[in-house]
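Peer 1: I'd like to go over a predicted model; first the sequence, then the structure.
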Amino acid sequence: EPSAAEETTLVMSGRLRLRPLNAPRELARALGMDPAAAVRAAGWTRRRKRYELRVAPEHAQQLGLPVGLYCARSLGGCLIPAAAACALAAERNATWQLTDPDADAASAATAAAAEGAQSGGRSTAVVAVLAHVNHGKTTLLDALLGTRSADFEPGSITQSVRPSILDVPLTVCGGASSDAPGGASVYGGASVSLALLDTPGHEAFGGMRAAASGCADVALVLASLDEGVQPQTREAMRHCARLGIPTVLALTKLDLARDGTAAALDEARGCERVQAAAARLELAWAVEA
């Protein structure tokens, strides 16, 4: 569910600033209406302990969303598409304008790159974590960072570029080195600092993935064992190849290889299913790069 810091005001210069997907409480507050009413007007329905939004083929283009069923655990996760938000604003005679989050992300990436150039290079390596939707990016980062970001994401998917700092002990890195980006040393102390960029995997957020790739020193491209290489996997590979950044390919959800036990995970590398998935991942990289 969006935090208070994330729910910044939508009203600027007397106009309602609408995004492709809008937080219901923020939108309702700006329009002076009940959040539950705004969610219902956007097509969300309450079923048992969750909310559902079913996008039919005839409504997909109007809403700007792929056909399918979207679920949320709470009212705050029921994001309202721009088309529905515009209709609500029009009913209340509010003046509105659409904003582009991809353009904002690109501007932030450009500013970060300029700042790094002025300082003579970054002292922290930036790693863009890229993958298709629901392939385990946020869950992996939660495990590394000791956080629970995946439990509180609106709509149960990542919808922004989220940076985190991870300090990796030198014993894990295998020693010290001064071959850092821009000539700066990233191994000056007892640990290495990595700036990890969690990125959205949904088709709608291609601009955010491109912006994150553009300011990264290294890319980590993930593919889940159950679904393998998907459209956004290939898109991420093309971004990395075009930019010429070092790229690491990895499989997630290896617990599906056997029975999910620790012993099975130890044996996963030699599992025929895992080896076949790894070969397909490497083949996709060879094709896209």
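Peer 2: Nice, I can see it. Remember, it's a predicted structure, so these values are computed and weren't measured experimentally.
Peer 1: Is it correct that V161 is in contact with D198?
Peer 2: Yes: under the criterion of CB atoms under 8 Å, V161 is in contact with D198, at a separation of 7.1 Å. Every residue, glycine included, has its C-beta placed from N, CA and C.
Peer 1: Comparing these two, which shows the higher neighbour count?
Peer 2: Between V161 and D198, counted using other CB atoms under 10 Å, the more crowded position is D198 (24 against 21).
Peer 1: Could you tell me how far that one is located from T138?
Peer 2: 6 Å (CB to CB, to the nearest Å).
Peer 1: Find residues that contact each of these two.
Peer 2: Residues touching both D198 and T138 (CB atoms under 8 Å, 6 or more residues apart in numbering) are S149, T158.
Peer 1: what's the burial count for the residue lying closest to T124 once chain neighbours are set aside?
Peer 2: Using CB to CB, 6 or more residues apart in numbering and skipping the chain neighbours, the partner closest in space to T124 is S193 (4.4 Å). Other residues near S193 come to 16 when the count uses other CB under 10 Å.
Peer 1: Read off the pLDDT value for S193.
Peer 2: As predicted, S193 sits at a pLDDT of 82.
Peer 1: what do you get for M237?
Peer 2: At M237 the predicted local confidence, pLDDT, stands at 94.
Peer 1: what mean pLDDT does stretch 141-150 have?
Peer 2: Across stretch 141-150, the average pLDDT comes to 88.
Peer 1: What's the first helix or strand after the helix or strand hosting L88?
Peer 2: If you go by DSSP states H and E, L88 is part of helix 82-91. Towards the C-terminus, the helix or strand next in line after helix 82-91, according to DSSP H and E, is strand 96-98.
Peer 1: Just the buried positions in that following strand, please.
Peer 2: Of all the residues in strand 96-98, those buried under the rule 16 or more other CB atoms under 10 Å are W96.
Peer 1: outside of whichever strand or helix holds A38, which residues touch it?
Peer 2: With elements delineated by DSSP H and E, A38 resides in helix 35-41, which encompasses its position. With contacts defined as CB under 8 Å, 6+ apart, helix 35-41 is touched by 24-25, 27-29, 31, 51, 75, 78, 80, 84, 87-88.
Peer 1: Only whichever of the residues you listed are buried, select them in PyMOL.
Peer 2: The following PyMOL selection, which keeps only the buried ones among these, applies the criterion 16+ other CB under 10 Å:
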select buried, resi 24+25+27+28+29+31+51+75+78+80+84+88
